[in-house]
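J.: Here is my input, please return the structure:
(chains A and B)
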Amino acid sequence: MSNKANKTTDKLVALYEDNKADLFENSSDFINQERKIAIDYFKKTGIPTTKNESYKYTDLEPVFANGYTKFFERQKFNVELNKAFQCQVPNLDTYTVLFSNGWFYEKNSEYNSLPKGVILQSFQKASKEHPELVEKYYSKIAKPNDDSIVSLNTALSQDGFFLYVPKNTIIDKPIQVINLLRSEKDLMVTQRNLVVLDENSSAKLIICDHALSICRFLTNTVTEVNVGENAIFDYYNLQKQHNLTTQLSSVFIRQKKNSNVLTNTLSLHGKLIRNNVSILLDDEGCESNVFGLFLADKDQHIDNYTFIDHAKPNCHSNELYKGILDDEATGGFNGKIIVRQDAQKTEALQSNKNILLTDNAEMNTKPQLEIYADDVKCSHGATIGQIDEDALFYLRSRGINEKEARMMLMYAFAHEILKKIRVDSLDVQLIDLVESRLRGEFSKCDFCNYNVKAANCPK
Amino acid sequence: MLSIKNLHASIDGKKILNGINLEVKPGEVHAIMGPNGSGKSTLASVLAGREIFNVTEGEILFHGKSIFDLNPEERAKEGLFLSFQYPIEIPGVSMVNFMRTAVNEHRKYQNLKPLSAQDFLKLMRDKKKLVDIDSRLTNRSVNEGFSGGEKKKNEIFQMAMLEPKLSILDETDSGLDIDALRVVANGVNKLKTKDNSTIVITHYQRLLDYIVPDVVHILYNGKIVKTGGKDLALVLEDKGYDWIKNGNY
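T.: Alright, predicted model coming up:
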């Protein structure tokens, strides 16, 4: 660790120590035990620097060095969130769950009527009301002592959502989690989510991340998902904050026999975004679809790290990330795939395609395959290029002006990811959103409409 | 309509066109024939405004105005259309969106209001019928997964939608079976009026059985070396390009 990183790490450890009483008071012994392991590991390893192979494209030290407020108790809301916030996606009928600054909004349950047996509640509450479920799954695949960002989350987190879907239960509508950030001071938010899908169940999660105030926000979110035998799980993350936000999102998924998972991470706006998607194919016959689209301009930075662990035979993973970088934006893609010795008949496909619109934009891409089985089919590929000049000329030769033609081609490039969305009308809505993003019309959110007043924050 | 005077063009410093002269009047069909590498496709690209080619000398007048200051989209809106030898596949751009944008850009240029969705779809339907193109093709992304013949039919469909004054058909017959060739030629003939003109660029005489030219030019080494009536194509078919290459014409 560098001196600077050391100092920042010490500051974060002090934050933990200073608020230990509050943290411990509201959590179960089990969770507090994990906190201790996590903070010890964090003390030892600290904020990951670019010397860490997994974080070589993203320097997190300056982000954490900025001073943030952190709330260790549930904040009172002075507005009715469900009235202040309305998602206006036409025809997108979802079970909606609102969050404010990482805390589960207590009135959520009043307007949800989920299928029988499904639990969707505050994680803090779930750890008290359903300790047997939480303790069986919490901190198991997102280990407290592996990635120090996850360790920090484990040490500091208090709330998030807990979703449990019982055996043979299909949730008829997607669950939409809307994370709202509102503050009058720069704020750090630590959110921890846990999802458990029992055998032969199905759920689709749409996570929408928004920042409503013009403050520096740092969110460090960890989501653990256990997908049972024959279960189907979709995870869409729409990241649309602003030029002062840092978003660290780590999703860990463990798949059981014949399960089917799709993740689609859509990074549309944020100063710095780092996504970790980690998938463990822990039994035979699993399918994983791991997709991502990222659009960045100005001095934004978006880094996607994926780790797909083929631990068992006869599984199929299909990974595609696409990015468009404009101005001085920078991006990273690191796609690690391990095929264990046991995992014969694995099929693992990976592709990362990028378009740089200027000479100053920069993209680093690194496929990383480790194959220990001999009867497998694996492929990987990465491209970094410009807009296809032949296609551009073709469109222009039909009378379409250059700007519009470029737009059509960028949009077409992005479309390959959007068409993989398995939720009706979400794809249509996102298509419009991506188009307006590409046109630079992004001062307001068209996806959702909120009327919470934005505040100007002191640093 | 079109007047090309002493046109010289090069790519990466390599000279391809070496002083082309060509006059096309309204209502005329001209065929430009020539062996591979003679500069046929370069001429088509230069006319359409492809920027990779460098015009070093000469001028091109379209309706009496030089087109060198016009970019490709402006040329298209002035009424110039290029049917590509190799139409580009553009996954993710739907034919409908592509054509609606193109048609409305043309209309804007002519100070006309954009077509309503209903009128546009009617126009699509009418033109599809006119050029006999499979309806399913226009429900897909531009040329994506189209066969060679389908791509060429799609070019003629686009031509029908945009109603150009001058169409340049670059090797429209290449890779077509005889049935597809007939459909494509039929489409071109149906779109023919006394006011619009066509330049057919081809290696083979075959297409000219279906699209009958008024004038035939032979292009060789970047120059038009012979001009004649439609019978010239038959002579060429009979004697082959060696006749030209050996300079015995």
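J.: Would you mind naming what in chain A lies close to chain B?
T.: Selection of chain A residues close to chain B by Cβ under 8 Å from any Cβ of the partner chain yields A:388-391, A:393-402, A:404-405, A:408-409, A:411-416. The way it works is simple: take the backbone N, C-alpha and C, and place the C-beta from them, glycine included.
J.: Out of those, list just those in helices.
T.: A:389-391, A:393-396, A:402, A:404-405, A:408-409, A:411-416 (DSSP state H).
J.: Tell me where the model's unsure across the chain.
T.: No chain specified, so I'll use chain A. Along chain A, the model assigns pLDDT under 70 to residues A:1-2, A:76-91, A:109-111, A:442-459.
J.: oops, chain B please
T.: Under the criterion pLDDT under 70, the flagged ranges of chain B are B:248-249.
J.: Please name the nearest non-neighbouring residue to residue A:303.
T.: residue A:332 (3.9 Å; Cβ to Cβ, 6 or more residues apart in numbering or on different chains).
J.: same for the host helix or strand of the one you found, what does it pack against?
T.: Assigned by DSSP states H and E, residue A:332 belongs to strand A:330-339. For strand A:330-339, the contact count by 3 or more Cβ pairs under 8 Å, 6 or more residues apart in numbering or on different chains; DSSP states H and E identifies strand A:287-296, strand A:301-310, strand A:316-325, strand A:347-356, strand A:362-371, strand A:377-385 as packing neighbours.
J.: by how many degrees do that strand and strand A:316-325 diverge?
T.: Angular relation of strand A:330-339 and strand A:316-325 on a 0 to 180 degree scale: 170 degrees, by axes from the mean of the first three to the mean of the last three Cα atoms, to 10 degrees.
J.: returning to what we had before: could you double-check that the residue nearest to residue A:303 sits in contact with residue A:54?
T.: No. When contacts are counted by Cβ atoms under 8 Å, residue A:332 is not listed as touching residue A:54 (10.5 Å).
J.: overlap in contacts of those two?
T.: Residues touching both residue A:332 and residue A:54 by Cβ atoms under 8 Å, 6 or more residues apart in numbering or on different chains: residue A:305.
J.: More neighbours: which of the two?
T.: For residue A:332 versus residue A:54, neighbours defined as other Cβ atoms under 10 Å in any protein chain shown are more numerous around residue A:332 (21 against 16).
J.: do you know which of the helices and strands packed on strand A:330-339 lies nearest residue A:263?
T.: Smallest distance to residue A:263 across the helices and strands packed on strand A:330-339 (Cβ to Cβ): 5.3 Å, for strand A:287-296.
J.: so the closest one versus strand A:316-325, what angle?
T.: Using the same axes, to 10 degrees: strand A:287-296 against strand A:316-325 is 0 degrees.
J.: Now the closest residue to chain B within the stretch 151-300 of chain A. Nearest residue, chain neighbours left out?
T.: Nearest residue of the stretch 151-300 of chain A to chain B: residue A:293, at 12.3 Å (Cβ to the nearest Cβ). In this structure, residue A:293 finds its nearest non-sequential neighbour in residue A:417, 4.1 Å apart by Cβ to Cβ, 6+ apart.
J.: One more: residue B:206?
T.: Of all residues not flanking residue B:206 in the chain, residue B:173 sits nearest, at 6.3 Å (Cβ to Cβ, 6+ apart).
J.: Residue A:193 versus that neighbour, what's the distance?
T.: Relative to residue A:193, residue B:173 is positioned 61 Å away (Cβ to Cβ, to the nearest Å).
J.: ok so, going back, buried only: go through the ones in helices among the residues of chain A next to chain B for me.
T.: A:391, A:393-396, A:404-405, A:408-409, A:411-416 (16 or more other Cβ atoms under 10 Å in any protein chain shown).
J.: Among those, which pair sits farthest apart?
T.: Taking Cβ to Cβ, no two of these sit farther apart than A:396 and A:416, at 22.5 Å.
J.: Give the burial count for the residue of the stretch 151-300 of chain A closest to chain B, as a bare number.
T.: Counted with other Cβ under 10 Å, residue A:293 comes out at 24.
J.: residues contacting the residue in chain A that chain B sits nearest to?
T.: Chain B sits closest to residue A:412 of chain A, with a gap of 2.9 Å, by Cβ to the nearest Cβ. By Cβ under 8 Å, 6+ apart, residue A:412 lies in contact with B:90-93, B:141.
J.: Also residue A:141?
T.: Counted by Cβ under 8 Å, 6+ apart, residue A:141 has contacts A:224, A:226, A:252-254, A:278, A:280.
J.: cool, residue A:401 as well?
T.: Neighbouring residues of residue A:401 by Cβ under 8 Å, 6+ apart: B:73, B:105.
J.: Residue B:102 should be in a strand, yeah?
T.: No. Counting by DSSP: H, G, I helix; E, B strand; the rest coil, residue B:102 is not found in a strand; it is helix.
J.: ok, so what distance separates it from chain A?
T.: Per Cβ to the nearest Cβ, to the nearest Å, residue B:102 is found 4 Å from chain A.
J.: Please verify my assumption that that residue contacts residue A:394.
T.: No. Checked against Cβ under 8 Å, the pair residue B:102 and residue A:394 is beyond contact range at 10.8 Å.
J.: Output stretch A:49-57 as PDB, nothing but the C-alphas.
T.: What follows is stretch A:49-57, C-alpha atoms only, in PDB (Å, rounded to 0.1, in the frame of the first residue of the first chain):
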ATOM      1  CA  THR A  49      -4.700   0.100  -5.500                       C
ATOM      2  CA  THR A  50      -3.900  -0.300  -9.200                       C
ATOM      3  CA  LYS A  51      -1.100  -2.700  -8.300                       C
ATOM      4  CA  ASN A  52      -3.900  -5.200  -7.500                       C
ATOM      5  CA  GLU A  53      -4.400  -7.100 -10.700                       C
ATOM      6  CA  SER A  54      -8.200  -7.000 -10.400                       C
ATOM      7  CA  TYR A  55      -8.200  -3.200  -9.900                       C
ATOM      8  CA  LYS A  56      -5.400  -2.300 -12.300                       C
ATOM      9  CA  TYR A  57      -7.700   0.000 -14.400                       C
END
